[in-house]
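**Student:** my questions are about this predicted structure, shown below with the sequence.
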Amino acid sequence: MVQDKHIIETLGKVRVVIENGEITEVGESDMKYCPMFHAMHKIDELNEEFIRKNINFRIRDFGMCTAQRVIEMDDLVTVGISEILKTNMENGNIDCVVGACDGAGTVIMTNPRVVQGVGGRVSGLVSTTPIPEVIEKLQQKDSIVLDPETAELNQLEGLKIALDKGYKDIAVTILPSPMIEEIRNYPVDEDVNVYIFVAHTTGASPEEVEMLFENADIVTACASKAISEYADANKPYYYGVKVPIFCASDDGRRFLDVRLEHIGKPLTTNVYPRDKSDAPHKLL
């Protein structure tokens, strides 16, 4: 029997292992407070009990890391990476997203609702194993799974497939990694655009953060102390207070503004110093 094992990092840098639909391991994190979960659930402390409760809710609600995985969803928050991608795909600004899905690994997606469903409620996917039912659902929605046999996570290889398929405006979602520089420097034709969206940045080092802003288009703040300090020093365009989304390029700003216009929000002109009164008690 093929092993069913999925490792995610969530709620800060907590390592959670899910096997056969059950949580088998919950790690520890220095992060004890998250403003988003405080606002949504009135949670003051991210202890193991809450982490287990939250992950079990995801497993029951949309089948995370199981054969029951829901792959299409509507918007979940006002402005998040998946919402920005979904709106810009609907508007024709992006024609393909290279993302990652539990039970499938790296996936090349062209359906906006699949992009939302795959990325909207999952934190950092560290590793995963194939779930045939999830892979079949994705393929039925015209998604391409990089390696159905292994569920490999490799965004650079996903980009290569997207290029081979002839896509011209390709967005890549990725966690902080040296591969970001490889993706940015990968040779493409003059009429091809590659956009990089970085999520789950909690715990990133100052050196990593500098690399992210040099190569990415959009970077989420999560609970990253290094990103907060970088933003205060360099003042990038951003939206949001609890979990800001920073634009690292003009294209990133364009994508963010498209989403803001779509939901009827004024274009952000947030100024510095930022209001961090509701930031995590202990940034990582």
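**Tutor:** That came through fine.
**Student:** how many neighbours does the nearest residue to residue 76 once chain neighbours are set aside have?
**Tutor:** Leaving out its chain neighbours, the residue that sits closest to residue 76 by CB to CB, 6 or more residues apart in numbering is residue 120, at 4.6 Å. Bear in mind the C-beta positions are built from the backbone N, C-alpha and C, glycine included. Using other CB atoms under 10 Å, residue 120 has 21 neighbouring residues.
**Student:** what do you get for the one 5 residues further on?
**Tutor:** Using other CB under 10 Å as the criterion, residue 125 is surrounded by 26 other residues.
**Student:** confirm it sits in a strand?
**Tutor:** Yes: assessed with DSSP: H, G, I helix; E, B strand; the rest coil, residue 125 lies in a strand.
**Student:** after the lengthiest helix in the chain, which helix or strand is next?
**Tutor:** Selection of the longest helix in the chain by residue count, based on DSSP state H, yields helix 48-62. Following helix 48-62 in sequence order, the next helix or strand is helix 81-90 (DSSP states H and E).
**Student:** now do that following helix, average pLDDT.
**Tutor:** Helix 81-90 comes out with an average pLDDT of 96.
**Student:** which pLDDT does the model give residue 53?
**Tutor:** On the pLDDT scale, residue 53 gets 89.
**Student:** meant to ask about residue 3
**Tutor:** Reported pLDDT for residue 3: 85.
**Student:** please shift the residue numbers so they start at 51 in all later answers.
**Tutor:** Will do, 51 is the new start, and the previous item becomes residue 53.
**Student:** now it: which helix or strand?
**Tutor:** Applying DSSP H and E, one finds residue 53 in no helix or strand.
**Student:** tell me if residue 263 really is in a helix.
**Tutor:** Yes: Residue 263: assigned to a helix according to three-state DSSP.
**Student:** quick check: chain neighbours aside, which residue is closest to it?
**Tutor:** Counting by CB to CB, 6+ apart, the residue nearest residue 263 is residue 298, at 4.6 Å.
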